[in-house]
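S.K.: need coordinates for the below:
(chains A and B)
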Amino acid sequence: MEKTIEKLRANLLENPAVELKESAVWQLPVVTYTVTFKRVKRLKMDILMKMLLLAFNQTDIRRAANLAEMLLVEELFIEDLIQKMLRTGLIQIEKEGYKLTGKGKSQLAEGIVEEEMDEEETSLTYSPVHDAFWPEIEEREEREPLYRYPSERRTTGEQILQALTEMDADRTDEEFQTPVSEVTNFEEQSTSYVPCLEFRLYNKEQDVFYARVWNTHLEHWDEVLEKQIEENERLEWREKWLPADKKRGRL
Amino acid sequence: MIQTSLKTYRCPLTLTNRAKDKMRELGLEERSFFSLEASFTVYIEKYPPSADRLLSVALFFDNQANKRLAAASGNAVIVLHCVAEKDRFIATNVTARAAHTPVRTNWRRPATITFQETRREMPLDLLRAIHDMPVAKESSDYVKKRIASWEGYLTIQERDADIPDITAAYAGMTFNGDFSRVTLTGCRLKEPEWKLLKDLSVKFRGMDQDAGKVLKASRGAGTVEIELSGPMADRARKQQFHTSQKEVIFSNFATLSQVKRLRQGFKHLEDGLAANPDLERILFEKKPPLRPPKKLGALQFHNRLNEFQQRAVTGAMEAEDLYVIQGPPGTGKTTVISEICLQNARAGLRTLVASQSNLAVDNALGRLLANKDIRILRVGRTESIEEEGKKFIEENVGQYWKDHTLQEVSTQFKARKAREAALEAEWAENEREQERLKPILVETEAAVAAKAEAAGKYEEGQAALQTQKQQLRKVEEEEQSLQKHEEEIDRALQPLAAAIEQDEAFLENEPGIEDIERQWHDLQKEREALQHSVACEELEENIGRKQQAIQEAKAKAEQLSQVLERAEAVYEKASAVKRIDALKWMMLEQNLERSARVLQLLEELDDLRGEMDQITKLKAYNDQLNKAISYMEGLLARYNVPFAELQQRAGRASSSHSADEIDQFLNGLRSALKSQPNLEPGRGAKFLEGLYVRRQSIWRRAKRFRPYEEYKQRAQDAFLFLKRNVIEQLRQKHADERTAYETMRGTIEQQAELDALQQKYNQMVSLAAPVPNAKEALDQQETKALLLEKKKRQLEETQQRLEESRLEQAQKAAEMEETAQKRAQIEAQIKELQNTIHEKEKELAPLEEILDTNPEAEHEEVLKQMASLSFTHESLKQERQRLPLFQSIQGEWLSLLQEASEHDLDEIRKLYVKHANVIGTTCVASARKDFIDNYPVFDVVIIDEVSKATPPELLLPMLKGKKVILVGDHHQLPPLLGNDTLEETLQELAEANKEFAGKTELKGLLEESLFERLFKSVPETNKTMLAIQYRMHESIMETITPFYEREKDRLQCGLPDSDAARDHRLESPLVRRENHLLWIDMPNEPAFFEERMKGGKSLYNPAELREIGSLLKELDEATAQAKEAGRMNADEKKSIGVISFYGEQVKKLNRLIEQELGLHHLTIRTGTVDRFQGMEMDVIILSMVRNHQNKHDDIGFARDYRRLNVALSRARELLVLVGSTTMFTERTKQASTKGMYKHVLDTAKRQNGVRMLEESRG
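M.R.: Just a heads-up that it's a prediction; the model follows:
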């Protein structure tokens, strides 16, 4: 830790105009949730095509325009897909309108029918201050003082579902997709603490006070925390560290 | 680029040996080549005409149309260079060009040709078409020449273009507060390199990506400040920016590729590759050759548009090639663009929305109407696209489409669900209503029938009534005419009676006719006696006169007889005259008239006499000389003198000799002979020769004359003639005198007549003695007689008239009687008729009441209601049928959409991209190769913020549009180059290089941009100014109206109630609720003056900084109060823009706001005026900076009215100017500048918006 502080400090002070006024170490509480959720498995089929097949099954449609009106979708798109489905033999034109072929029927069935998969479980790390999910964190005891502007925010099932979906982004499968369909349960498991290194700096050339906060978990200068601190304290710092006669710009 | 089905021409073709060789070299076999296709699509380019060739062309084979040829040539473009003759093409050369060479250009003409070997006729219309075609080279030369005026822009951008990459070592790096910039310290660069660094892109050795670009290089400090790109800033935040090598590479690649694209635009225009074949002329001609717009009729608009916006959209849709829209601040340009895009989409057209900056493109796209017909695609580098444009980039359009469709469907779904119950209610209501109306319908029908019957009766009655009335009218007329007649008779009788009375009175007072007749007879007798006396008197007078005449005639006759005797003598004498002089004398004596002929004769006689005298004289000299000669010959005979020779010599002489000279000579000879009788032969011969000479001379002179006798004869003739003339005259005179004498004699012979008269007189006197003064008396008697006659006539007339009058009086009286009787009859008739009519009318009155009711309208109304109900019924029925189906399908569709994953949308994304019809990108990006490949041509290209782009930038998207729509405002700022204004750049450039080529053109373009020129030169049908603004409170707008005064329409405020719509809701010591425009006046004193950065150019103003700081605190406080008072929501923030003409001031403002103010209720953005163009905020504070008393200095950038216009027009609710009014309205140099700031000040004054600094801060 000391080594990190020293390295960061040196880096910050590389600019001779910058003075380090104060530094601090504290911890940011983050929450780990245990989440259980379900996936379904279904054939990859784009939704508009699926919808068209469903519509042809339900009613007599002869012209793309009719469907365009019902689905509020560009007629061109529907026309395109109808042609494609005719080519691939999913549908055929009959007296009353477009009808599904046997092949079409079976594909539609596969596209609709979702095979429920076994429940899965994972844990997610959530920072209330950032309102964001973070990579998993190893548990750590509270040792240092806590961050002075904590947040009471709690996450929701919807947020978790979205986070899980986003994490799925790189799951690829040629034929089937297995989206998370439901978050069945989530529980606050524990609170961990991320140590953060705060530097309060003054650039005399530009007459500017600013904060730098190193987030040791994410391993970057944490903009959210810096902004929050600056917004709350910058004016005080000026009072505190600038002798009265230098406060030229003060009102 | 016309691609229609073309007529196929059959053209004979022969190849020269060279061409054949070339063909083989290219690996093509002649025979098989021309049979590759049945016909070839070629593009014909005409070469400049050369002296020996008629028509020289190149045939470019189109690989897209000629598939087999393309395969055979390996996609290389084959070009046949030909001479076009009457009977064939002769190919003189064959070449192949690279596959990507454009074949279809505006300078070439497409044709489909089947080549034949046999020589026959070439198709005449093809030859003619080639003949009429412009020469390709000339067309591109035209473009080259014109586009040269834009070179200056490229020169500016190219000035550092050929910088090779610069590699430099550095010692350390420091990041700024938000990691957006890094400063390299201890940079080691060569001296000249420092200057070149600005705007170069930066790459750190050991990193794969560009880090950003150079903002500032300071040689003195050895530092380079770099603006980092987004990903690089993230990297810096993670402390992953360190590289082992500490080496950085500056390169100009980005600028270079940009300039390259701009140049390529020039080239494309030169090569005729513009989508609109007239583009170059539209751009460069003084009067752009625009095609007339085609009328489309009334359009259906999907946005709410004001009249100007409607005009702009309609105009843009109707224009064929160019439409220009001027949009002053806040006038809804984007709405217009949005509407045009939608109209285009509906019309099946593809639109490119381009602008100079990414921000402007994203702004325009972001505000387009979300409509399923518009499929927007944003093309460009993802990292430079703003939030608003991001949803339209390819990877996001699937999501965008889903969101939009989901929203639409769920809105409809919900609406329909609500509709379900309402539908049933409506259905029931409809049926109830129909039931209710049925009996009403029956009732109204009956009423209508009753009315019809009444109408029939009424009509009959009316007809009868009409007949009666007509009769009554006739009778009444008759009565009236009788009455009139009576009056007339009465009127006639009155004057008649009066006349009778008068005549009777007259006759009583006058004597009778018999008396008068008697008087007249007496008078007649007297008159006869008097007439006799008068006759006697006249006869006497006549006799006297005659006597006297006879006396006079006798005396005259005596006189004349003497004259006659004398004349007789003269006549005798004249006949005897023989000499002319005598004749002349006589003429004089008798005073005879000399006629022209006589004068001529006299003259002729004088001449003849002269001639004759001459001849006589010559003859005398001849005799004398002859005598002398014969004497001298005799004398010299013995000396053997050669006479003949002498004579001959004398004959050749031509001297002339006067008479005196001859006399002298002869005298000389005589005296010589006298003194020396034996003359020495030499001298003698000389004399003799002299004699010969003189004789010769005489002869020569004599030769001129005619023979003497002839003259004599002529003289005699003339004389005789003259004499005859004289005699004739004399005879005439004589005859006249005799006639006079005869007359006298006649008079004398009247004596007998006289005697007879005397006798008659005597007789008359004996009959009655003449009364003296008879003539006068007679006249009196005549008058009396006339009076008597007149009187008689008067009496007779009066008597007759009286008789007539009496007769007439009697007649009239009878007539009167008759008329009165008739009238009495008629009056009775009238009374009867009136009674009948009255009865009839009474009968009709109740029918009229029935007719006054209007059961038809009611019936009609009921019918209409029934019809509408049944129509509604039908549509409700359909809806009831359809609703469940729609509901079920849309329900399914909704759930599908809701759970759609990325994978599901993939297909949609492809469809969307394929059918995208509104593409957005920046001007320069529209020339990227991949973009050109994907979208070679657009039906319509809309360019937004045109005035901010340079002409070369504008050209790039323009090249792609069949139709171009330009949107801009030349009263706002012109293009920026990098961070500098064009003026600054130009100034810098002019300083560095005095001979900078494009300077004049650039200056011209600075004064009048391409947009302005086009806006001014296109006809009214192709342009519109949007004149209604919706951004600013009316009071703020007033400050900029003068900038648009010269336009056709005045700038107006479209807010129906500015105070309500633009209420800033703030109350503070400085700002009152009703204030919308404030000018905080800084004193023009040293304590408030501008300052200059050490070693820098940019200015700042510390006093204004302080003032703005306190103003912002005040506004923050006021916002807090507004929230407390409930005028604003608790979580609302006021958006405030703090802007300045000077970058340094902006920097300082930024620091002040961030570091020292701590404002909680405001959202603040800062920037230079130039950067703020296109943005709007609730409140704008303008720091004007300039304040000094330096006589040689002015107000810098603030002078440009366009900059002021932009600065004043950013605020919606409140605009605060902070600066010295004295500086800007009095000290500034140019009158026009003074004027424009004065207008702002006056406007502020009128609105009680001027605050002295003392007043504001105490």
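S.K.: do the longest helix along chain B and chain A meet?
M.R.: Secondary structure of chain B per DSSP state H: the longest helix is helix B:394-509. Yes. Counting by CB under 8 Å from any CB of the partner chain, chain A is contacted by helix B:394-509 at B:405, B:408-409, B:412. To be clear about C-beta, it is placed using only N, CA and C from the backbone, and glycine gets the same treatment.
S.K.: which neighbouring elements make contact with that helix?
M.R.: Packed against helix B:394-509, as judged by 3 or more CB pairs under 8 Å, 6 or more residues apart in numbering or on different chains; DSSP states H and E, are the following elements: strand B:376-378, helix B:774-852, helix B:855-898, helix B:902-914.
S.K.: switch to 6 Å and redo it
M.R.: With contacts taken as 3 or more CB pairs under 6 Å, 6 or more residues apart in numbering or on different chains; DSSP states H and E, helix B:394-509 sits against helix B:774-852, helix B:855-898, helix B:902-914.
S.K.: now, of these, which is deepest in the fold?
M.R.: Highest mean neighbour count of the helices and strands packed on helix B:394-509: helix B:902-914, a mean of 19 (counted as mean count of other CB atoms under 10 Å in any protein chain shown).
S.K.: strands paired with the following helix or strand past that one, and their directions?
M.R.: On the C-terminal side of helix B:902-914, the nearest following helix or strand under DSSP states H and E is strand B:918-922. Using DSSP bridges, the strands paired with strand B:918-922 in its sheet are strand B:351-355 (parallel), strand B:376-378 (parallel).
S.K.: now the ones you listed in TSV, with mean neighbour count, mean pLDDT and distance to B:E486?
M.R.: As requested, these are exported to TSV (neighbours: other CB atoms under 10 Å in any protein chain shown; pLDDT from 0 to 100; distance: least, CB to CB, whole Å):
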stretch	mean neighbour count	mean pLDDT	distance to B:E486
strand B:351-355	28	94	95
strand B:376-378	25	93	100
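S.K.: chain B against chain A: which residues are in contact?
M.R.: Residues of chain B found near chain A (CB under 6 Å from any CB of the partner chain) are B:172, B:174, B:177, B:237-238, B:372, B:408-409, B:885-886, B:889, B:892-893, B:896, B:900-901, B:903-904, B:907-908, B:911, B:915, B:1109-1110, B:1152, B:1155-1156, B:1158.
S.K.: residues contacting the closest residue to chain A within the stretch 801-950 of chain B?
M.R.: Closest contact between the stretch 801-950 of chain B and chain A, by CB to the nearest CB, is at B:E907 (3.3 Å). By CB atoms under 6 Å, 6 or more residues apart in numbering or on different chains, the contact list for B:E907 reads A:D46.
S.K.: give me every residue in chain A lying close to chain B.
M.R.: Residues of chain A lying close to chain B by CB under 6 Å from any CB are A:14-15, A:44, A:46-48, A:51, A:54-55, A:59, A:70-72, A:74, A:76-77, A:80, A:177, A:179, A:208, A:210, A:220-221, A:235, A:249, A:251.
S.K.: from those residues, list the buried ones, please.
M.R.: For the residues of chain A next to chain B, a burial check counting by 16 or more other CB atoms under 10 Å in any protein chain shown picks out A:15, A:44, A:46-48, A:51, A:54-55, A:59, A:70-72, A:74, A:76-77, A:80, A:177, A:179, A:208, A:210, A:220-221, A:235, A:249.
S.K.: run a quick neighbour tally on B:G1109.
M.R.: Neighbour count of B:G1109, defined by other CB atoms under 10 Å in any protein chain shown: 18.
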